[in-house]
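> predicted structure and sequence below. I'll ask about it afterward.
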Amino acid sequence: MTRPFERIAIVGLGLLGGSVALAAKSRGVAATVVGVTRRPETLKAALQRGAVDRAGSDLADGVRGAELVVLGTPVFAMEEVLRKAAPHLEEGALVTDVGSVKGILAESLPGILPEGVTYVGSHPMAGSHQSGFSHATPDLFEGAVCIVSPIPGTPRAQVERLGAFWSALGARVRERDPAVHDAEVGWVSHVPHAIAFAFAHALDASPPGADEVKGSGFRDFTRIALSDSDLWADILVSNRKAIAGPLREVGERITALGRMLEAADAEAVERFIAAARDNLSHGANHARSGGANPEIQAVSKKTATEE
């Protein structure tokens, strides 16, 4: 295969950054993969697993000479990291990220870069409620959607080059404007997480014995509520404008369902459930569930910049 890049640098070797490294190495996508992480144990593990050809904690040394730099830190850390890396990027380099919000990054990151360096956002819809390099896998992106989010004026060749990279990792590439990305992902990822958090928060009002009778439905619905609180507070607040409307819509549906139940209107409840099933059957529910490629990684603010 033709390699999209000869040398890539991945800053942050957590779940997603580590999986990018493992996938790139196992698929021969890059001749050289460099990892940058502050954690000595992560450095050692990445080298032992063959995820990288070289790893270190020196950001400048890690990104120097890289044709592609992947920011694998959480969204809130990316601007600071890129400011430190920018003086060491070479002309023609491409910078991307794996953050779950694109609008704020599209506004802040391009202006940091030197002349001749391009930023194009990425969001692989893959991850887990588990975190860290120990959970990284080389097949995490296989069959998963990866959204590429160029801004107006981005050189088309760089967009296509980045798309080829994600395709080589096994992802199904989709292109979205950053604002459109945030609106769509708000519906299919951020709002479901918010609802799961709200339900889990309400469990303190459940009967004392309810914990003993939990089944698979409970586990499927609440799995994403186990995600890291620091990270998800950051995601939800960062995308608050895009998710406000969907949250209101869901709230109105819950209120309507409550009225039907109070009225003991079984026919209305049946129609409500049937309409919900129809919505899912129209293409909105083809993502894998139960731990196989859930769409968002979980990384703690306390450790994210050290991965």
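Arrived safely, thanks for sending. Residues are numbered from 1 along each chain as shown.

> what about stretch 219-236, average pLDDT?
Across stretch 219-236, the average pLDDT comes to 89.

> any buried residues in that stretch, and which?
Buried residues in stretch 219-236, defined by neighbour count with 16 or more other C-beta atoms under 10 Å: R223, I224, A225, S227, D228, D230, L231, W232, D234, I235, L236. Yep, even glycine has a C-beta here, placed from its N, CA and C like the rest.

> surely V95 is in a strand?
Yes - under DSSP: H, G, I helix; E, B strand; the rest coil, V95 sits within a strand.

> show me the domain layout of this structure.
Domain ranges of the chain: 7-177+297-304, 181-284, per automatic domain parsing.

> quick one, which of these is packed in tightest?
Among the domains of the chain, domain 7-177+297-304 has the highest mean neighbour count (mean count of other C-beta atoms under 10 Å), at a mean of 21.

> that one: how far from the chain's middle?
Centre-to-centre, domain 7-177+297-304 and its host chain are 11 Å apart (C-alpha atoms, centre = their mean, to the nearest Å).

> in this structure I243 contacts A194, no?
Yes - under the criterion of C-beta atoms under 8 Å, I243 makes contact with A194 at 6.7 Å.

> find the residues that touch each one of those two.
L236 (C-beta atoms under 8 Å, 6 or more residues apart in numbering).

> turn the buried residues of stretch 219-236 into JSON lines, including distance to V120 and secondary structure.
Formatted as JSON lines, the buried residues of stretch 219-236 follow (distance: C-beta to C-beta, whole Å; DSSP: H, G, I helix; E, B strand; the rest coil):
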{"residue": "R223", "distance to V120": "31", "secondary structure": "helix"}
{"residue": "I224", "distance to V120": "27", "secondary structure": "helix"}
{"residue": "A225", "distance to V120": "32", "secondary structure": "helix"}
{"residue": "S227", "distance to V120": "26", "secondary structure": "coil"}
{"residue": "D228", "distance to V120": "26", "secondary structure": "coil"}
{"residue": "D230", "distance to V120": "27", "secondary structure": "helix"}
{"residue": "L231", "distance to V120": "23", "secondary structure": "helix"}
{"residue": "W232", "distance to V120": "25", "secondary structure": "helix"}
{"residue": "D234", "distance to V120": "22", "secondary structure": "helix"}
{"residue": "I235", "distance to V120": "20", "secondary structure": "helix"}
{"residue": "L236", "distance to V120": "24", "secondary structure": "helix"}
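
> as CSV, those with distance to A23 would be great.
Converted to CSV, the buried residues of stretch 219-236 look like this (distance: C-beta to C-beta, whole Å):
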residue, distance to A23
R223, 23
I224, 23
A225, 28
S227, 22
D228, 23
D230, 26
L231, 22
W232, 25
D234, 25
I235, 23
L236, 28
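
> of all those, which two lie farthest apart?
The most widely separated members of the buried residues of stretch 219-236, counting by C-beta to C-beta, are R223 and D234 (19.9 Å).

> where do the strands sit along the stretch 51-200 of the chain?
All strands of the stretch 51-200 of the chain, identified by DSSP state E, counting those that start in this stretch, fall at 54-56, 68-71, 94-97, 118-119, 121-124, 145-149, 172-175.

> quick one: average confidence on the first one?
To tie it back to what came earlier, the one meant is strand 54-56. The model assigns strand 54-56 a mean pLDDT of 94.
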